[in-house]
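**Student:** here is my input; please provide its structure:
(chains A and B)
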Number of protein chains: 2
Amino acid sequence: MRLISIIPDFHPKDDAVLLARAEALKPELIYTPYPAPQACSLNGEALPPEEMEHTPLSKGDVLLLDYGRHLVGRLTLTLDCAGSHQDAPAFLQLDLAEVTGELEENPEDYNGWLSCSWIQRERVHVDQLPAQLPLERRYAFRYVRLTVLDTSPKYQLLVKRAAAVAESSADWNALEKHTYKDPMLQRIAEASLNTLADCTQLVLEDGPKRDRRLWLGDLALQALAHYTSFKSMKLIRRCLYLFAGSRFPDGRMGANVFTEPQVEVDDTFLADYALMFPIALRDYVKQTGDAETLRELLAPALEQVDLIADGLDGDGLVTAESAQSSFIDWSDGLNRAAALQGVLICACEACAELCLQAQDGERSKRYTALAERLRGAARRAWWSEEAGCFLIGGQAAIHSQVWLTLADAMPQGRAGQAMKKALETPGAPEMQTPYMHHYYLMALMRAGQWQEAEDHLRAYWGSMIENGADTFWECWNPADPAGSPYGGRIVNSYCHAWSCTPVYVLTLLEKHREEEEGGSL
Amino acid sequence: MRLISIIPDFHPKDDAVLLARAEALKPELIYTPYPAPQACSLNGEALPPEEMEHTPLSKGDVLLLDYGRHLVGRLTLTLDCAGSHQDAPAFLQLDLAEVTGELEENPEDYNGWLSCSWIQRERVHVDQLPAQLPLERRYAFRYVRLTVLDTSPKYQLLVKRAAAVAESSADWNALEKHTYKDPMLQRIAEASLNTLADCTQLVLEDGPKRDRRLWLGDLALQALAHYTSFKSMKLIRRCLYLFAGSRFPDGRMGANVFTEPQVEVDDTFLADYALMFPIALRDYVKQTGDAETLRELLAPALEQVDLIADGLDGDGLVTAESAQSSFIDWSDGLNRAAALQGVLICACEACAELCLQAQDGERSKRYTALAERLRGAARRAWWSEEAGCFLIGGQAAIHSQVWLTLADAMPQGRAGQAMKKALETPGAPEMQTPYMHHYYLMALMRAGQWQEAEDHLRAYWGSMIENGADTFWECWNPADPAGSPYGGRIVNSYCHAWSCTPVYVLTLLEKHREEEEGGSL
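**Tutor:** Residues are numbered from 1 along each chain as shown, chains lettered A, B, ... in the order given. All right, here's what the predicted structure looks like:
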């Protein structure tokens, strides 16, 4: 599945008032210096970081720096030379990587459908040493590999300092520290917080390595994680205004919004992402009680549901066209109709809540009724009593079961079994992303399968930890560790917003544990 | 022959007074804008330069810009995008080249003994379009090849402008225009002036592409060319002070001097280059009558000769060690002793003239006597009546004949034949550089072979013109157009000081023609 939408002569419909509000809500970045790497190696041999500045480097030498944690920010090298006077430029290659796996790939070999410009490799000539070399761009990295492409036979390079400054608008001081007794859950919670913090910039970015911008599907999950952690309420509000402020000419929200050089919605529409807007607004209003935002963004929120509901077919089902323009998960061959139907139902319920909050009981009821109609349609069209799960075009996809569980569209008491059935059906589409795994967890809890949810959280996110994650990854299939939807893991994002939800899920599990058993995780 | 000298713990002897004078003589650079290329092609097809800004470029597109002449300076690209909103960085490769031959080489394949850092290839990520992209470094180029390594499927790159600003301290307004009737001589003169101007920077550089610094052998020739053209007398004086101001601990001058980040002589000694100092000082004083410079630099000049003369062997010959530490030409296997003996004699004569100018007749006579002694020694040791030329270790090298001609060490009337003999001897070392060819021209004229000199100038420098030169090259052997002393022509310099002398030689030829025949070239 390639996600490339190009609309010629695309002219977004902008709302200057909403965009001005978004601009006014832009946060300050908080800068954290990391003056030196935590660990270092030279040509594969450990090198104490304090010896780095005295270690002359010659052509071919490879210095690997490890900052000990994932950072988003800038790097400044302080360089000098040893030996004779520098008689030729120094020529360096810098590979910045979130995980060591990226360093095992050759960027020249990447030939997938994403731009290879995302690969964090720079080649730099330094005409004159000593030099302070502040790399201009922002990177997402834990590791920096410096390869000396050349000095000259007459002089060697000295890396006197390699200082990083991390940037994020998440305020760690705002965080209420919570400790889990279970060490793995504790590590999962920490990686979840790091992921969220590193994606929390001037907008809530999907991934600070790539695409470095605001996507609606990610936003909805980041916001949930924020409510139980950093609570960047202003920033969440800003992001909601950005989506409402720049839209398709017909009022639809784009899947993502650019903010530089000016705010502009991308010409990519994903139906399920647009439907996340009322859901995210509902969550935000519930958390904050922010009546002004409710008042200003209610109409755009309802519009997202209305535009899709207007296009339902005679049976009350989303059209194939809508299904094709939805994301749900990176699963090739997935029939997305049932999952999208589920998302639409959830969005209807969110609209109903929002209308109620806005004192519009009549309208609220209409959304509730629409949700109910959609549930009936889904069951009539796709429920297979024989299979014990929803079948769409013969497909027993977990995605369909999850979203129709979250939509309360499952026949009473059948959700757990239906999901199990889908997962066990050979050849059925598998979940590919933490984004989908998150909704699976939510569906397990909705189905009352709290232990299964905890087990799956531990198994899936825990296996990333066991594979070296200190932030959670965009794509992860434990059966295919080097897999990528983009034709090469070197462009995968290893700190990705939609994977940051464990801190939220753990709160739900903890609360349930306390209610049910009186214990804590 | 690899020229790599490394002296551990090298501590130059600096003279603060002389260096302060050099600093005070630093020229102002003159900037000349070249707002657009003269010609342009896209993927090999001609593209009118004015259409460039409207031509969207996608991954793999190659834009070739031709500025119509060799430039030394900076390049600023003005970039924008077409299509959808820029959703990934633009990733560009820029190859800047003095000649198209450089563009035919793959930089990754260069594996010679010079630093590959000299190759003018940059890779740049542009995170945000539109952008003004001023390349920070100075380049030597006529051609700029821009390869779009990637944009994204959603947008294309626009190169709105590609503006160059050339820099040089040579003042074209100071030039007395001279036109040659012969079109090839006219073209040679123009390329010679361009070469000189583009090497005339804050010092007289050897090559603005590489090594971008002051070498003594080059300086002596650049100065001669300047006296008949731009007359950058202050700059020549500055360069003389730089060599005198930072020397080897024992007083020897280095082959080249760095000026950044501070003045420091390179730890490379070349005996013939050091001996060029008194010669260059003699020429400068003769041109300017500058008594202050004579007074301040006389001692260091004499010292260069004295230090080598002190090491002569019992027969009055330069030692093998001195010969090995001299350059003369890029000729593998050349026995350099006789040529160095010739350079030493010329340097003695220069010292004699300088002493005379400084009213030290006694001392002057001693240098004249030393020169005479050296001539006798050379003839006794190396003249072969049978061969009709100087033979050193059996070698009938043209280099030996040339320098001993210039030193007036040839038996009377034999120079022309000796040079001819050397050139015709199979297996004898050949001349590899315009540097050596220059001295060959000088020797021809010294031998009274004016027509041969003009013919050779036309044949050798003219063949560079015919091969596309608009400035003259560091290395040129018409029989081996892609040859390089560095293991790959991609690091050759194609605008090189030691090749700039035709404008000086033409003046000599012209003067001779006027005196002899009353005509002009």
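
**Student:** correct me if wrong: A:Val126 contacts A:Leu79.
**Tutor:** Yes - A:Val126 is in contact with A:Leu79 according to Cβ atoms under 8 Å; the separation is 6.1 Å. Heads up, the C-betas are built off the backbone N, CA and C, glycines and all.

**Student:** does A:Arg69 belong to a helix, a strand or coil?
**Tutor:** strand (DSSP: H, G, I helix; E, B strand; the rest coil).

**Student:** how many other residues sit next to A:Glu108?
**Tutor:** The tally of other residues near A:Glu108 (other Cβ atoms under 10 Å in any protein chain shown) stands at 10.

**Student:** next: the one 5 residues further on.
**Tutor:** The burial metric for A:Trp113, expressed as a neighbour count using other Cβ under 10 Å, is 15.

**Student:** which SS state does the residue lying closest to it once chain neighbours are set aside fall under?
**Tutor:** With Cβ to Cβ, 6 or more residues apart in numbering or on different chains as the criterion, A:Trp113 has its nearest non-adjacent residue at 5.1 Å, and that residue is A:Arg2. Following three-state DSSP, A:Arg2 is assigned to coil.

**Student:** hey, what's in contact with both of A:Val126 and A:Leu79?
**Tutor:** A:90, A:133 (Cβ atoms under 8 Å, 6 or more residues apart in numbering or on different chains).

**Student:** what residue of chain A is the furthest out?
**Tutor:** Relative to the mean C-alpha coordinate of chain A, counting by Cα atoms, centre = their mean, the farthest residue is A:Ser84 (49.4 Å).

**Student:** tell me the contacts of it?
**Tutor:** A:154-155, B:6-7, B:10, B:266-267.

**Student:** now these as a markdown table including distance to A:Trp476 and secondary structure?
**Tutor:** Below are the contacts of A:Ser84 laid out as a markdown table (distance: Cβ to Cβ, whole Å; DSSP: H, G, I helix; E, B strand; the rest coil):
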| residue | distance to A:Trp476 | secondary structure |
| --- | --- | --- |
| A:Lys154 | 48 | coil |
| A:Tyr155 | 45 | strand |
| B:Ile6 | 51 | coil |
| B:Ile7 | 56 | coil |
| B:Phe10 | 56 | coil |
| B:Asp266 | 55 | coil |
| B:Asp267 | 55 | coil |
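
**Student:** now the two most distant members of those.
**Tutor:** A:Tyr155 and B:Ile7 (12.3 Å; Cβ to Cβ).

**Student:** returning to that earlier point: and the contacts of A:Ser84, which of them are buried?
**Tutor:** A:154-155, B:10, B:266-267 (16 or more other Cβ atoms under 10 Å in any protein chain shown).

**Student:** B:Ala428: which of the residues you listed is nearest?
**Tutor:** Checking the buried ones among the contacts of A:Ser84 against B:Ala428 by Cβ to Cβ gives B:Asp266 as the nearest, at 31.3 Å.

**Student:** and stretch A:237-254 with chain B, contact?
**Tutor:** No - if you take Cβ under 8 Å from any Cβ of the partner chain as the test, stretch A:237-254 misses chain B, and the best it gets is 9.9 Å.

**Student:** which SSE is the residue lying closest to A:Asp329 once chain neighbours are set aside in?
**Tutor:** Using Cβ to Cβ, 6+ apart and skipping residues adjacent in sequence, the residue nearest A:Asp329 is A:Met436, 3.9 Å away. Applying DSSP states H and E as the criterion places A:Met436 in helix A:434-446.

**Student:** how far is that helix from where the chain is centred?
**Tutor:** Distance, stretch centre to chain centre, for helix A:434-446: 15 Å (Cα atoms, centre = their mean, to the nearest Å).

**Student:** now do A:Asp150 against chain B, distance only.
**Tutor:** 5 Å (Cβ to the nearest Cβ, to the nearest Å).

**Student:** then A:Ser364?
**Tutor:** From A:Ser364 over to chain B (counting by Cβ to the nearest Cβ), the distance is 36 Å.

**Student:** from A:Ala407, how far off is A:Ala377?
**Tutor:** 11 Å (Cβ to Cβ, to the nearest Å).

**Student:** could you export the helix or strand encompassing A:Glu514 as PDB, CA atoms only?
**Tutor:** Taking DSSP H and E as the criterion, A:Glu514 maps to helix A:502-516. Extracted as PDB, the C-alpha positions of helix A:502-516 are listed here (Å, rounded to 0.1, in the frame of the first residue of the first chain):
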ATOM      1  CA  PRO A 502       1.300   2.600  26.600                       C
ATOM      2  CA  VAL A 503       1.500   5.300  29.200                       C
ATOM      3  CA  TYR A 504      -2.300   5.900  28.600                       C
ATOM      4  CA  VAL A 505      -3.200   2.200  28.400                       C
ATOM      5  CA  LEU A 506      -1.200   1.500  31.600                       C
ATOM      6  CA  THR A 507      -3.300   4.100  33.400                       C
ATOM      7  CA  LEU A 508      -6.500   2.300  32.300                       C
ATOM      8  CA  LEU A 509      -5.100  -1.100  33.300                       C
ATOM      9  CA  GLU A 510      -3.900   0.300  36.700                       C
ATOM     10  CA  LYS A 511      -7.300   1.800  37.300                       C
ATOM     11  CA  HIS A 512      -9.100  -1.400  36.500                       C
ATOM     12  CA  ARG A 513      -6.700  -3.400  38.700                       C
ATOM     13  CA  GLU A 514      -7.300  -1.100  41.600                       C
ATOM     14  CA  GLU A 515     -11.100  -1.300  41.100                       C
ATOM     15  CA  GLU A 516     -11.200  -5.000  40.600                       C
END
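
**Student:** give me the angle between that helix and helix A:434-446.
**Tutor:** Interaxial angle, helix A:502-516 versus helix A:434-446 (axes from the mean of the first three to the mean of the last three Cα atoms, to 10 degrees): 10 degrees.

**Student:** which stretches of the stretch 301-450 of chain A form helices?
**Tutor:** Counting by DSSP state H, counting those that start in this stretch, the stretch 301-450 of chain A has helices at residues A:320-324, A:337-357, A:361-382, A:398-406, A:415-424, A:434-446, A:450-466.

**Student:** what does the last one rub up against?
**Tutor:** Taking Cβ under 8 Å, 6+ apart as the criterion, the residues outside helix A:450-466 that touch it are A:184-185, A:187-188, A:191-192, A:416, A:434, A:437, A:440-441, A:444-445, A:472-473, A:476, A:478, A:499, A:502, A:505-506, A:509, A:512-513, A:516, A:521.

**Student:** distance between it and the chain's centre?
**Tutor:** Per Cα atoms, centre = their mean, the centroid offset for helix A:450-466 relative to its chain is 18 Å.

**Student:** from the stretch 401-521 of chain A, which residue is nearest to chain B?
**Tutor:** A:Val491 (9.7 Å; Cβ to the nearest Cβ).

**Student:** what about the residue lying closest to A:Glu321 once chain neighbours are set aside, neighbour count?
**Tutor:** Of all residues not flanking A:Glu321 in the chain, A:Gly311 sits nearest, at 7.6 Å (Cβ to Cβ, 6+ apart). Neighbour count for A:Gly311, taken as other Cβ under 10 Å: 12.
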